[in-house]
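# here is the input, now give the coordinates:
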Amino acid sequence: MSEENTVNTKRISYLLKRFVPYFGRYKWTLALDLFCATLTTLCDLALPLIVRFLTNAAMYDLRALTVAAVLRAGGFYVVLRLVDVCANYYMSNIGHVMGARIETDMRRDLFNHLQDLSYSFYSNTKIGQLMARITSDLFDVTEFAHHCPEEFFVALIKISLSFVILVHTDLWLTLIIFAMLPLMLFCSLYFGGKMRTAFKKSRNQIGELNASVEDSLLGARVLKSFANEGIEEEKFEKGNAGFLEIKQEVYRYMAGFQSTTRFFDGMMYIAVIIAGALFMIYGRIKAPDYIAYILYVSMLLTALRRIVEFMEQFQRGMTGIERFIEVMDEPVEIADKEGAPDLSGAKGDIRFENAGFRYSDDAENVLRDISLHIRPGENVALVGPSGAGKTTLCNLIPRFYDVTEGRVLVDGMDVRDVTGRSLRSQIGMVQQDVYLFSGSVYDNIEYGRPGASEQEVVVAARMAGAHGFISELAEGYHTYVGERGVKLSGGQKQRISIARVFLKNPPILILDEATSALDSESERLVQESLAALAKNRTTLTIAHRLSTIRNAGRILVLTECGIEEEGGHESLLAKGGLYAKLYSLYSDPAGGVSVGD
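A predicted model of the protein is given here:
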C-alpha cells in the first residue's frame, strides 16, 4: 500500500458494493429506521393538504369550515406530529447506534486484517497512516451508515410524491421547475467529485502528519541529545502547512458546491413565484392550489437542500470507506492453508532443505540453497558479516516470511503446512530491540502466556534473574514501565523479555543479538539468564559478540554464498578460516569479541 498522497479514487458504485454487506447484521434495524423515515415524510406531506382543505373551504364553501372541522384537522395533525416525534426519536437514537455498530465492525475487521498482514507490509507502511485509517477515517462512517440510506430514501419519497402532486396541480409549472434539476445535478456531481479527491488528500496528509508526530515523540531522547528541536519543528511546520493548503482546497470546492446549489434553489423559488402568479392571473391555477403548490415546492426544495448538504458528509464517508478498503485489499501473504493442522508438542527438530529467500520478485536472493539440520536440544550459533541473512534465516522458522525456494521443516512438517499460530506458540524469541507494551511489569511478563497465575509469573521472573530488581521497583510487579519500557534500563527490559519467554516455555528458542546493545555488567546478567533459558531447548543464537558463543554446540558462519564454515569454537579457530579471521579482527583487549550484524 503506497503512502504517497495518491488521489486516485475508486468508483462510488464499487465502494458501496463493498460497504453494503455491513448492513446485513442490522437489516431489521435499518428496515424499521426506513419505515420511521417514511412516517416522518408522510407527516410532512400532510400539512400542505390540510392547508389546502382549509383554504378551499374558506374561499368556496364557508359553511363547511366549522369549528368541528377545524378541530378535526388540528387533532389529525397533532396525532401525525406525535407519530413524527416517536419515529424521529427512533431514527436519532437507534439509527445512530446502528451506524456506530457498523463503524465498530469495520474497525474490528480492519484491526484483525492488520494482524494477519506480513512483516513486509509493515516494513513499507507508516504506523501513523495506519492509525489514521483505523481511527479518524472511520469516524465519519457512523453518520454515513445511518444517514445515507435514510436521506436518499426520504428524498426519493418526497421528490416522487411531490412530483405526482405538483403534476396533478399543474403540469407545465412542474416541468418548468424540474427542468432545472439536471443542471443542478451536474454541478453537484462535479463539485462532489472534486470534494472527495480533496478529502482523500486531506486524509493522507493527516496520516503523514501523524507519522511525523509519532516519529518525533518516540525519538524525543535522540532529537534532544542532538539539540535538533528546530529541525523537528521545521518538519512539523512543513507538514502542518501542507495540511492547511489541502484544507483550503477542500473549503474552496465546498464553497463552490454550496453556492451553486443555493443559486439553483433560488432560481426554483423565483420560477414558481413568477410563473405561478402568471398562471393564477390567467386562470390556470386557483389561489388555494397555488398556496399548496408553494408549500409542496418548499418541501421539495427542502428535500433537495438536505441531499445537497448531506453530499459533504457523503463524500467524507466515501473517503473513509475507500481508505478502509485499500487496507482490507492488502493481500495476506502468509496465510494458513485450508484445513492446516496445529503443531503441538514440538521436539525442536529443524531442517532447511535447499532454502532460498528474496524479499521481492525483482530483488536478489538474500539466502540461497541453505541446507541445514538442527537436532532437538542442540545449541547452534550463527555468525557472519552484516547482510549475510542471519536474521532472515531465523525469521523463516516462525514463518514471518515464506521461503521462495526449498522448504523449512519443524519436526518433519513443512512450516507452510501447519497453522501459523500453533507454529509460533512453539517458538520463543529474544531480540536485541526489546519491545515492552505500555502497562505494568506483570502485564509484560504475563504476555508470554496470558492467564498465567501470579506465582507462575514470579517463578519466570526468578528464572530470568529479574525478580530482584523488580522487587526493588516502587510498586514491584505492578510498576508502570512507560511506553516501550522507557522507565527501565536496557538490561532490565531484556530480562523482562527473557522472563516472558520463560513463562511461554517453548521448545525452540531464537536469540537475535540479545545482548549486543548492553553494557558489560548488564550483558553478564542477561547471559546468565539466557544460559538458563536455553537449557534443554533447541536454540539458535545470532551472535554479535563472538565471545558469547564460545560454548555453543555448533557454530555456523553464514555469508552471501551460504554456510561457509561449520563446527565448534576451537575447531573453527584451528581451521584458520573466516571464523578465525573474524575472531581475530574483532577481538578487543577486554576479551570481548564482536562482529557485524
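
# contacts and neighbour counts: CA atoms only from here.
Fine.

# residue contacts, the residue nearest the centre of the chain?
For the chain, residue 134 is the residue whose C-alpha lies nearest the centre (CA atoms, centre = their mean; 3.3 Å). Shown in contact with residue 134 (CA atoms under 8 Å, 6 or more residues apart in numbering): 107, 110-111, 324.

# mind checking how far it is from residue 247?
21 Å (CA to CA, to the nearest Å).

# cool, and residue 459?
56 Å.

# which parts of stretch 159-177 are buried?
Buried residues in stretch 159-177, counting neighbours by 16 or more other CA atoms under 10 Å, are found at 159, 161-163, 165-166, 169-170, 173-174, 177.

# then stretch 131-139?
Those would be 132-134, 137-139, for stretch 131-139 by 16+ other CA under 10 Å.

# rounded mean pLDDT for it, please.
What stretch 131-139 shows for mean pLDDT is 80.

# same deal with stretch 377-391?
pLDDT averaged over stretch 377-391 gives 86.

# next: stretch 428-447.
So the average pLDDT for stretch 428-447 ends up being 86.

# would you mark the buried spots in it?
428-432, 434, 436-437, 439-447.

# how long is that stretch end to end?
Stretch 428-447: ends 12 Å apart by CA to CA.

# how far does that stretch sit from its chain's centre?
Stretch 428-447 sits 23 Å away from the centroid of its parent chain (CA atoms, centre = their mean, to the nearest Å).

# likewise stretch 146-163?
33 Å.

# contacts for that stretch, please.
33-34, 37-38, 41, 45, 95-96, 98-99, 174, 296-297, 299-300, 303-304, 306-307, 310, 314.

# kindly report the same for stretch 341-354.
Counting by CA under 8 Å, 6+ apart, 368-377, 405-412, 417-419, 422-423, 426, 507-508, 537-538 sit against stretch 341-354.

# can you give me the strands in this structure?
Assigned by DSSP state E, the strands in the chain fall at 350-357, 367-374, 379-383, 405-410, 413-414, 427-431, 508-512, 538-542, 554-559, 562-567.

# residue ranges of the helices in the stretch 201-350 of the chain, please?
220-225, 229-281, 287-328 (DSSP state H, counting those that start in this stretch).

# mind putting those helices into a markdown table with mean neighbour count and mean pLDDT?
Putting the helices of the stretch 201-350 of the chain into a markdown table (neighbours: other CA atoms under 10 Å; pLDDT from 0 to 100) gives the following:
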| stretch | mean neighbour count | mean pLDDT |
| --- | --- | --- |
| helix 220-225 | 12 | 61 |
| helix 229-281 | 16 | 80 |
| helix 287-328 | 20 | 78 |
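
# which of the buried residues of stretch 159-177 fall in helices?
When DSSP state H is applied, those are split such that 159, 161-163, 165-166, 169, 173-174, 177 fall in helices.

# any chance of those in JSON lines, with distance to residue 24 too?
JSON lines is the format used below for these (distance: CA to CA, whole Å):
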{"residue": "159", "distance to residue 24": "28"}
{"residue": "161", "distance to residue 24": "29"}
{"residue": "162", "distance to residue 24": "31"}
{"residue": "163", "distance to residue 24": "32"}
{"residue": "165", "distance to residue 24": "35"}
{"residue": "166", "distance to residue 24": "37"}
{"residue": "169", "distance to residue 24": "41"}
{"residue": "173", "distance to residue 24": "43"}
{"residue": "174", "distance to residue 24": "39"}
{"residue": "177", "distance to residue 24": "39"}
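
# ok, of those residues, which one's closest to residue 193?
Nearest to residue 193 among those is residue 159, at 23.5 Å by CA to CA.

# now, the buried residues of stretch 131-139 that are in helices?
Using DSSP H, the buried residues of stretch 131-139 in helices are 132-134, 137-139.

# residue contacts, residue 573?
Neighbour list for residue 573: 579-580 [criterion: CA under 8 Å, 6+ apart].

# what pLDDT does the model give it?
86.

# for it, give its distance to residue 583.
Taking CA to CA, one finds residue 573 at 8 Å from residue 583.

# what's the answer for residue 385, then?
12 Å.

# more neighbours: the two, which one.
More neighbours surround residue 583 than the other of residue 385 and residue 583, with 20 against 17 (other CA atoms under 10 Å).

# list the buried residues in stretch 561-581.
Result for stretch 561-581 [16+ other CA under 10 Å]: buried residues 562-563, 565-569, 572-573, 578-580.

# of all the strands of the chain, which one is nearest residue 480?
strand 427-431 (21.4 Å).

# and the closest one, what does it pack onto?
helix 490-504, strand 508-512 (3 or more CA pairs under 8 Å, 6 or more residues apart in numbering; DSSP states H and E).

# I'd like the ones you listed as CSV, with mean pLDDT, distance to residue 194 and mean neighbour count appended.
Shown next, in CSV, are those (pLDDT from 0 to 100; distance: least, CA to CA, whole Å; neighbours: other CA atoms under 10 Å):
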stretch, mean pLDDT, distance to residue 194, mean neighbour count
helix 490-504, 86, 51, 25
strand 508-512, 88, 50, 25
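
# could I get the ones you listed as CSV with distance to residue 145?
Listed next are those as CSV, based on distance: least, CA to CA, whole Å:
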stretch, distance to residue 145
helix 490-504, 43
strand 508-512, 47
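
# out of those, nearest to residue 400?
Of all those, strand 508-512 comes closest under CA to CA, at 13.1 Å.

# taking strand 350-357 as reference, get the angle to that closest one.
50 degrees (axes from the mean of the first three to the mean of the last three CA atoms, to 10 degrees).

# going forward can the numbers begin at 160, since that is how I track them
With the count now opening at 160, the last piece we talked about shows up as strand 667-671.

# tell me the strands beside strand 667-671, with direction?
Note on strand 667-671: by DSSP bridges, its sheet partners are strand 586-590 (parallel), strand 697-701 (parallel).

# just put the ones you listed in a markdown table and tack on distance to residue 274.
Putting the strands paired with strand 667-671 into a markdown table (distance: least, CA to CA, whole Å) gives the following:
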| stretch | distance to residue 274 |
| --- | --- |
| strand 586-590 | 18 |
| strand 697-701 | 26 |
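
# ok now do the residue nearest to residue 259 when sequence neighbours are not counted, which residues does it touch?
Spatially, and ignoring its direct neighbours in sequence, residue 259 is nearest to residue 301 (4.8 Å; CA to CA, 6 or more residues apart in numbering). Residues counted as contacts of residue 301 (CA under 8 Å, 6+ apart) are 255, 257-262.

# let me know the closest of the ones in helices among the buried residues of stretch 290-298 to residue 612.
Of these, the one sitting nearest to residue 612 (CA to CA) turns out to be residue 293, at 33.5 Å.

# distance of the closest one from residue 266?
Applying CA to CA to residue 293 and residue 266 gives a distance of 6 Å.

# and what of residue 286?
Residue 286 is 16 Å from residue 266, by CA to CA.

# what is the burial count for residue 252?
Neighbour tally, residue 252, other CA under 10 Å: 10.

# go on, the one 5 residues further on?
Neighbouring residues of residue 257 were enumerated by other CA under 10 Å; the total is 23.

# ok, it touching residue 187?
No: in this structure residue 257 lies outside contact range of residue 187 using CA atoms under 8 Å: 10.5 Å.

# can I assume residue 588 is in contact with residue 669?
Yes: using CA under 8 Å, residue 588 is in contact with residue 669, at 4.8 Å.

# which residues in the stretch 510-659 of the chain form helices?
549-554, 579-584, 600-605, 613-622, 626-631, 649-663.

# tabulate those helices (JSON lines), appending distance to residue 427.
Compiled in JSON lines, the helices of the stretch 510-659 of the chain are given as follows (distance: least, CA to CA, whole Å):
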{"stretch": "helix 549-554", "distance to residue 427": "68"}
{"stretch": "helix 579-584", "distance to residue 427": "64"}
{"stretch": "helix 600-605", "distance to residue 427": "66"}
{"stretch": "helix 613-622", "distance to residue 427": "74"}
{"stretch": "helix 626-631", "distance to residue 427": "76"}
{"stretch": "helix 649-663", "distance to residue 427": "71"}
